[in-house]
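Trainee: Generate a structure from the sequence data that follows.
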Amino acid sequence: SRDQAFLLPPDAKDWLPADDVAHFVVAAVERVPLGAFAVRPIPGGRAQYHPRLMLALLIYSYANGIFSSRRIERATHRDIGVRYVAANLHPDHDTIATFRRANRTAFEAAFLQVLLLAREAGLLRLGTVSIDGTKLDANASKIRSVRYDRAKALREKLAADIAALTVQAEAADAEVQPDPQALPAEIARREALKAKLDAACVRLEEQARAEAEAARPEYEAKQAAYDAKKGRRGRPPKPPEGDPPPARQSNLTDPDSALMRRSDAHEYRQAYNAQAVVCAEGTQLVLATGVVATTADAPSFARTILGMEHGIGLPKTVLADTGFASAEAVAALEAKKIEPLVAIGRTQSHRPYDFRPPPEPKTARRITEPWRLAMQARLESPDARARYAHRKQTVEPVFGIIKSALGFTRFHLRGLANVTAEWNLIALAYNCRRLHRLRLAT
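Mentor: Just a heads-up that it's a prediction; the model follows:
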């Protein structure tokens with residue numbers, strides 16, 4: 001009977017199975033030091049909640065596919081597991097969103113504590129790891145991206161329209177108008193759009209100047225070699241330009257995101273490139289994360305792996321696909337006694353019974369770089385080939401679980417720093433689910 005009253009107050013634990021992941025999340029969050037949280041020093045008019053409670057609420061909600069702050073607030077009333085983790089309290093969505101934006105350090109600390117807990121339990125061995133990246137939609141539309149040349153043209157048009165509307169508004173002040181606030185509102189909307197376009201142009205110009213300064217030493221070296229050459233010298237090196245190309249774009253909603261696509265067969269999306277380092281020793285736990293706003297994976301390869309040194313520790317071997325091939329990254333990893341196994345060229349042959357026709361044969365790329373030749377020779381050995389075969393079956397299922405099982409296909413925050421914190425949070429939620437399942441299996 002739904003009208004049956006309880007004789008005694010029920011224990012919230014009795015509503016959940018003893019092996020529910022909620023118990024594991026609450027226990028794991030207790031290990032996070034309070035100094036890692038950002039708490040308002042002066043309480044406002046709203047109720048205050050313990051930071052560990054808020055962190056456990058976010059982790060458990062993300063682990064169960066609830067990402068919106070409004071849906072998390074609603075789940076504290078409707079979902080028994082969420083209600084237990086929230087200690088039968090009901091933080092409002094604004095409190096949840098503010099805590100999520102302000103506690104990036106707490107997410108990183110909890111991420112490390114869960115990995116240390118796995119190591120203490122004997123479930124984590126840091127030997128071979130796999131790294132890969134996936135494109136996740138940003139909280140912005142691609143139609144809000146504007147080209148540099150178009151932004152300059154729109155700025156001039158908006159300036160002219162604002163001047164004309166200002167004259168019209170001044171003339172209307174002397175006459176009786178049915179809606180005297182209409183013109184000032186139109187002016188304000190155009191001024192707001194012009195301010196966004198101004199900021200976009202400034203961002204693109206600063207980015208172009210930074211790229212030009214970074215490329216100047218290489219240009220000067222080439223120019224010196226060109227000047228020292230005698231006889232027929234060919235074309236002189238082109239100096240780096242400080243102005244952005246006309247076709248370069250910036251998004252007005254989330255300037256840190258970029259237009260990118262998974263492959264030539266997919267459409268362009270306003271997205272981020274989210275990367276993860278996964279344990280290839282059988283646990284499939286996420287050991288490190290990274291988010292970049294570029295399609296290329298190679299520039300952040302070494303930085304992501306070497307960043308593990310101050311956390312769970314450095315691995316012995318790294319497995320990566322051809323998108324991470326970089327001479328600088330390979331040299332940096334080998335300097336730290338890490339063995340990189342990076343694919344050179346295509347690693348999977350065409351399936352013999354594929355429904356699609358076989359592709360047209362292409363001329364094999366001629367490899368001349370010494371490090372590529374050395375890596376190719378290393379991967380031809382049976383031992384290295386057998387170890388590299390674990391890359392695809394360890395890291396790619398993690399992205400499949402995050403996208404399909406958890407339902408996380410787009411970021412809810414904006415800005416590279418906030419997106420990085422949210423990616424840490426979803427990786428933390430995945431690790432809690434995975435580690436909880438591993439503990440049950442043992």
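
Trainee: Could you use CA atoms for every contact and neighbour count after this?
Mentor: Noted.

Trainee: Now do the same contact list for Asp321.
Mentor: Counting by CA atoms under 8 Å, 6 or more residues apart in numbering, Asp321 touches Asp132, Val342, Ala343, Ile344.

Trainee: In space, what's closest to the second one - neighbours in sequence excluded?
Mentor: Distance criterion CA to CA, 6 or more residues apart in numbering; nearest residue to Val342, sequence neighbours excluded, is Ala320 at 4.8 Å.

Trainee: what about the helices in the stretch 151-300 of the chain?
Mentor: Taking DSSP state H, counting those that start in this stretch, the helices of the stretch 151-300 of the chain run over residues 182-228.

Trainee: still on that earlier bit, quickly name whichever of the contacts of Asp321 is closest to Asp227.
Mentor: Asp227 has its nearest neighbour among these in Ile344, at 36.2 Å by CA to CA.

Trainee: For Lys222, see how far away the nearest residue to that closest one once chain neighbours are set aside is.
Mentor: Distances taken as CA to CA, 6+ apart put Thr322 closest to Ile344, at 5.5 Å, once the chain neighbours are dropped. Going from Thr322 to Lys222 by CA to CA, to the nearest Å gives 29 Å.

Trainee: Also Gly282?
Mentor: Distance of Gly282 to Lys222, given as CA to CA: 49 Å.

Trainee: higher neighbour count, these two?
Mentor: More crowded of Gly282 and Lys222, by other CA atoms under 10 Å: Lys222, with 16 against 13.

Trainee: how close does that one get to Phe6?
Mentor: The gap separating Lys222 from Phe6 is 83 Å, by CA to CA.

Trainee: again with Pro255
Mentor: For Pro255, the distance to Phe6 (CA to CA) stands at 54 Å.

Trainee: Which one of the two is surrounded by more residues?
Mentor: Pro255 (20 against 7).

Trainee: what's the pLDDT at that one?
Mentor: Predicted confidence (pLDDT) for Pro255: 91.

Trainee: Show the contacting residues for Phe411.
Mentor: Leu136, Asp137, Ala138, Asn139, Val419, Glu422.

Trainee: cool, Gly345 as well?
Mentor: Going by CA under 8 Å, 6+ apart, Gly345 touches Thr322.

Trainee: Give me the pLDDT for it.
Mentor: Gly345 is assigned a predicted lDDT (pLDDT) of 73.

Trainee: Need the three-state assignment for it.
Mentor: Following DSSP: H, G, I helix; E, B strand; the rest coil, the label given to Gly345 is coil.

Trainee: separation between it and Ala212?
Mentor: The gap separating Gly345 from Ala212 is 31 Å, by CA to CA.

Trainee: try Val419
Mentor: Val419 is 28 Å from Ala212, where distance means CA to CA.

Trainee: Show me which of these two is the more surrounded one.
Mentor: The residue with more neighbours, out of Val419 and Ala212, is Val419; 26 against 18, by other CA under 10 Å.

Trainee: and that one, what does it touch?
Mentor: Counting by CA under 8 Å, 6+ apart, Val419 touches Val291, Phe411, His412, Leu413.

Trainee: which two in the contacts of Asp321 are spaced the farthest apart?
Mentor: Largest separation among the contacts of Asp321 by CA to CA: Asp132 and Ile344, giving 15.1 Å.

Trainee: Of the two, give the one with the bigger neighbour count.
Mentor: Under the neighbour definition other CA under 10 Å, Asp132 and Ile344 were set side by side, and Asp132 has more, 23 against 19.

Trainee: in which helix or strand would I find the more buried one?
Mentor: Using DSSP states H and E, Asp132 maps to strand 128-137.

Trainee: Send me that strand as PDB with only the CA atoms.
Mentor: The C-alpha coordinates for strand 128-137 follow below in PDB (Å, rounded to 0.1, in the frame of the first residue of the first chain):
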ATOM      1  CA  THR A 128      51.600  -0.700 -20.200                       C
ATOM      2  CA  VAL A 129      49.100   2.000 -21.100                       C
ATOM      3  CA  SER A 130      47.100   3.000 -24.200                       C
ATOM      4  CA  ILE A 131      46.300   6.500 -25.300                       C
ATOM      5  CA  ASP A 132      43.700   7.800 -27.700                       C
ATOM      6  CA  GLY A 133      41.400  10.700 -28.300                       C
ATOM      7  CA  THR A 134      37.800  11.200 -29.200                       C
ATOM      8  CA  LYS A 135      35.800  14.200 -30.500                       C
ATOM      9  CA  LEU A 136      33.100  15.500 -28.100                       C
ATOM     10  CA  ASP A 137      30.700  18.200 -29.000                       C
END
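
Trainee: Report the distance from that strand to the chain centre.
Mentor: Relative to its parent chain, strand 128-137 has a centroid offset of 10 Å by CA atoms, centre = their mean, to the nearest Å.

Trainee: Can you name every helix or strand that that strand contacts?
Mentor: In terms of contacts (3 or more CA pairs under 8 Å, 6 or more residues apart in numbering; DSSP states H and E), strand 128-137 is packed against strand 269-279, strand 317-320, helix 390-400.

Trainee: hmm, who's touching the last one?
Mentor: Right, helix 390-400. Defining contact as CA under 8 Å, 6+ apart, one finds that helix 390-400 is touched by 130-132, 134, 276-280, 282, 284, 319-320.

Trainee: Okay, buried residues for that helix please.
Mentor: His390, Arg391, Lys392, Thr394, Val395, Glu396, Val398, Phe399 (16 or more other CA atoms under 10 Å).

Trainee: quick one, it and strand 269-279 angle?
Mentor: 130 degrees (axes from the mean of the first three to the mean of the last three CA atoms, to 10 degrees).

Trainee: Mind checking what helix or strand follows helix 390-400 in sequence?
Mentor: Heading C-terminal from helix 390-400 (DSSP H and E), you reach helix 416-441.

Trainee: now that next one: mean pLDDT?
Mentor: Across helix 416-441, pLDDT averages out at 91.

Trainee: ok, Gly127 touching Lys316?
Mentor: Yes: at 5.1 Å, Gly127 counts as touching Lys316 under the criterion of CA atoms under 8 Å.

Trainee: ok, back up a step: residue contacts, the residue nearest to Val342?
Mentor: Applying CA under 8 Å, 6+ apart to Ala320 gives the contacts Ser130, Ile131, Asp132, Pro340, Leu341, Val342, Ala343, Arg391.

Trainee: repeat for Tyr84
Mentor: Counting by CA under 8 Å, 6+ apart, Tyr84 touches Ala12, Lys13, Ala22.

Trainee: pLDDT value on Arg119, please?
Mentor: In this prediction Arg119 is given a pLDDT of 88.

Trainee: ok, how many other residues are close to the nearest residue to it once chain neighbours are set aside?
Mentor: Distances taken as CA to CA, 6+ apart place Arg125 nearest to Arg119, at 7.0 Å, with adjacent residues excluded. Arg125: 15 surrounding residues under other CA under 10 Å.
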